[in-house]
Each structure stands twice: as C-alpha cells, then as structure tokens.
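**Student:** structure, please.
(one chain, ligands or ions: 1)
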Amino acid sequence: MAYTIDEIVDLLNLEDFREVYLEADRIRKENVGDIVHIRALLEFSNYCKRRCKYCGLNCTNKSVKRYRMSPEEIISTTYEAAVNGYKTIVLQSGEDNYYTPKILGEIVKSIKKLNMDITLCCGELDYDSYAYLKECGADRYLLKHETAQNELYEYLHPCGTLQERIQCLKIIKKLGYETGGGFMVGLPNQTTKTIAMDLMLLKEIGCDMAGIGTFISHPNTLLKDCEHGSTEMTKRAVALARIMMPSINLPATTSLGVINDKEKVDIFSCGANVIMQKITPNEYKALYEIYPSNLAETNIRLQRIKLENQIKELNRIPL
Ligand code: SAH
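**Tutor:** The predicted structure follows:
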C-alpha cells in the first residue's frame with residue numbers, strides 16, 4: 001500500500017485504530033503466514049564510543065561497569081542457543097573498536113559452522129568492513145536509522161549524521177545483507193509526521209526487517225527527564241509498517257515488553273512476526289542497559305520452551 005505522509009499521519013491519529021490492526025493482521029497472515037521467528041540476542045560488549053543522548057551505554061555514562069565477552073564465550077553461548085533450537089543469533093554491541101572486523105569475522109566463521117543464521121548489530125562501519133563480514137558469512141545487519149527527522153537526529157547524535165546512517169544502510173543493502181532498519185517512537189519533540197517520515201524511509205531504503213521500539217527514558221542520560229514513548233503509538237507504527245511493506249520481518253521489540261508485558265503478546269496481532277530473546281549470560285545482562293528494564297534470569301533452554309508455549313497459545317507457529 002502506498003500512502004502519502006499526510007495519509008499516514010491521519011491514520012496514526014485515528015481515534016479508533018481497531019480496523020487498521022485487523023487489516024495489518026490479515027496482511028501479515030497472507031504474506032508471511034503464522035510463523036513467529038525466534039532470534040537469540042547476545043549482547044557481547046557494552047563499550048561504546050558514541051554519545052547518543054537516549055542510550056545508557058553512551059560513553060559519557062561513567063556509572064556503568066563495562067564488559068566484553070571473549071570470542072570463545074560468544075561462540076560457546078551461541079552453541080548453547082543452537083542446541084536448544086535457536087536458528088538465528090543476533091550479535092549486538094555498542095560501537096566498540098576492540099572487535100576489529102578480523103576478530104568479528106573469525107567469530108562469524110565459527111558460528112557459521114553451527115549452521116546458524118547470523119545477524120550483526122554493531123553500529124556504523126566502513127564499506128570494506130561490512131563487505132568483509134558478509135564474506136565471512138554474516139546474513140543480516142541491523143542498523144536502525146533511529147529518526148528520519150534531520151534536526152532531531154543531529155540533536156540526539158552528537159557523533160554522526162542522518163546522511164551517514166542512511167549511507168551505511170544503503171551499503172548494507174547493496175552488499176546483499178538482509179537489511180534491518182528501524183526507529184524509536186516517543187522521542188522528545190517527535191510528532192506523528194516524524195513517524196510517517198520514518199515509515200517512508202524504511203520503504204525507500206528497501207528494508208527487509210524493521211525494529212520499531214518505544215523510547216524509554218534512562219536515568220543516566222541527558223534525556224532522563226523525558227517521558228517514555230507510547231506503546232499504543234508504537235503498535236500503530238508497526239501495523240502501518242506491515243500494511244506498507246507486506247513481506248517485511250517485524251519484531252515485537254523488547255522495549256514494548258519493558259513497559260507492559262502484555263503488549264509484547266498483543267504486538268503479534270498488530271503485524272509482528274519475529275521476537276528476540278536475550279540469551280546474554282547473567283553476569284553481563286544487567287550491564288547492557290540501553291534502557292532500564294526488568295530482566296529475567298537467562299536460562300537458554302527454559303526460556304526457549306516458555307516462549308514457544310506462549311507463541312503456540314496465540315495460535316502461531318514458533319520457529
Ligand atoms: N550500537 C548498535 C546497537 C545499538 S542498541 C547500533 O548502533 O546499532 C540497539 C537499539 O536500541 C538502538 O538502535 C536504539 O534504537 C535502541 N535504544 C537505545 N536506547 C534506547 C532507549 N533509551 N529507549 C528505547 N530504545 C533505545
């Protein structure tokens with residue numbers, strides 16, 4: 001469906017969105033079916049050289065203890081996920097130069113031997129690094145554009161520009177990665193027009209997946225006094241993403257679950273078909289605090305069983 005910006009704004013502002021949710025759910029079923037893809041998420045380093053104003057990992061936050069997982073630890077944790085049925089590993093970190101493309105590439109090659117799909121989410125890299133990691137076997141790359149509004153982007157990101165971010169996404173797409181974009185809903189000074197622009201940008205880039213998450217205010221950031229974003233508006237954005245891009249992969253992002261655990265379930269009737277499960281070892285998990293959340297203990301096997309059951313209860317098929 002090709003909407004104009006104004007049409008998207010009108011839809012986002014609807015008093016009663018129920019019909020749009022139903023339409024999104026129908027389009028989801030028709031185009032990507034009832035499968036819910038479960039991705040294991042491993043947060044392997046919380047070091048970051050950037051100063052993104054919303055993120056608890058920004059390098060000016062001195063109150064967070066920093067950690068790095070060794071390649072061996074990353075591979076053995078991923079192995080445990082593989083034997084417990086996970087088919088994709090998402091390796092996420094701050095922008096941490098310690099992991100050179102060479103080191104990351106070796107990790108990717110070892111994981112490929114486990115017959116797993118690999119998604120990388122390690123921030124902005126240069127062309128050669130993205131190309132090298134693709135050659136090593138990485139299948140997908142996640143890099144959210146965060147917000148499509150130029151002034152807001154620059155206010156939030158003292159270390160980069162929206163143009164650079166988009167350029168990275170174009171390179172990722174061109175190199176043949178399954179390309180994941182996305183943005184946050186509820187950022188300070190964001191309007192429904194901004195969200196409409198965000199959705200348009202995902203389409204323009206040709207994203208294969210999109211993480212649309214609610215902004216959550218972190219007490220150790222410059223945005224500590226801002227309000228959390230609206231989960232309802234986040235779900236509306238997800239539903240419209242499904243209608244505009246029928247075959248895209250849309251995760252029920254973890255930030256939705258943080259605010260209201262019920263929402264994480266509801267999101268599956270709004271167009272979502274993917275869920276990420278954190279498998280970061282307990283000793284590191286709480287330290288990877290991009291935003292505050294209530295974390296359950298990691299138990300890779302039991303978490304998997306519980307999640308599969310929850311998905312089946314929704315008459316969907318876990319994969
Ligand atoms: N360094 C990587 C990973 C960033 S963390 C990268 O640049 O891609 C992954 C995502 O968490 C970010 O893309 C952002 O959308 C989200 N995030 C960070 N802080 C957040 C907050 N306070 N509220 C909601 N989402 C946040």
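
**Student:** list the contacts of stretch 104-112.
**Tutor:** 71, 74-75, 78, 89, 91, 99, 118, 120, 122, 132-133, 135-138 (CB atoms under 8 Å, 6 or more residues apart in numbering). Any C-beta I mention is one placed from the backbone N, CA and C, and that applies to glycine too.

**Student:** and for stretch 244-253?
**Tutor:** Contacts of stretch 244-253 with the rest of the structure, by CB under 8 Å, 6+ apart, involve 1-3, 27-28, 30-32, 37, 39, 178, 180, 182, 199, 202-203, 207-214, 234, 238, 241-242, 264, 267-268, 271-276.

**Student:** narrow the contacts of stretch 104-112 to those in helices?
**Tutor:** 71, 74-75, 78, 132-133, 135-136 (DSSP state H).

**Student:** thinking again about what came up before, so which of the contacts of stretch 244-253 sit within helices?
**Tutor:** Those of the contacts of stretch 244-253 lying in helices (DSSP H): 27-28, 30-32, 199, 202-203, 234, 238, 241-242, 264.

**Student:** state the pair within those that is farthest apart.
**Tutor:** Pairwise distances across the ones in helices among the contacts of stretch 244-253 (CB to CB) peak at 25.3 Å, for the pair Lys203 and Lys264.

**Student:** and the two? Which one has more around it.
**Tutor:** The residue with more neighbours, out of Lys203 and Lys264, is Lys264; 20 against 16, by other CB atoms under 10 Å.

**Student:** how far off centre is stretch 206-226?
**Tutor:** Centre-to-centre, stretch 206-226 and its host chain are 10 Å apart (CA atoms, centre = their mean, to the nearest Å).

**Student:** centroid-nearest residue for this structure?
**Tutor:** Closest residue to the average C-alpha location of the chain: Gly211 at 4.2 Å, with CA atoms, centre = their mean.

**Student:** count the neighbours of the residue nearest to that residue when sequence neighbours are not counted for me.
**Tutor:** Of all residues not flanking Gly211 in the chain, Gly182 sits nearest, at 3.5 Å (CB to CB, 6 or more residues apart in numbering). Residues near Gly182, counting by other CB under 10 Å, number 22.

**Student:** Gly182 against Ile212, yeah?
**Tutor:** Yes: between Gly182 and Ile212 there is a contact under CB atoms under 8 Å: 5.6 Å.

**Student:** rewinding a little: in contact with the residue nearest to the centre of the chain, which residues are there?
**Tutor:** By CB under 8 Å, 6+ apart, the contact list for Gly211 reads 142, 144, 180-182, 251, 253.

**Student:** ok, now Cys55?
**Tutor:** Cys55 is in contact with 48, 218, 221, 290-291, counting by CB under 8 Å, 6+ apart.

**Student:** distance of it from Ile8?
**Tutor:** Cys55 sits at a distance of 27 Å from Ile8 (criterion: CB to CB, to the nearest Å).

**Student:** one more: Ile275?
**Tutor:** Plainly put, Ile275 is 25 Å away from Ile8 if you go by CB to CB.

**Student:** can you pull out the low-pLDDT segments for the stretch 201-319 of the chain?
**Tutor:** 255, 257-265 (pLDDT under 70).

**Student:** all strands for it, in order.
**Tutor:** Secondary structure of the stretch 201-319 of the chain (DSSP state E, counting those that start in this stretch): strands at 209-214, 251-252, 274-278, 317-318.
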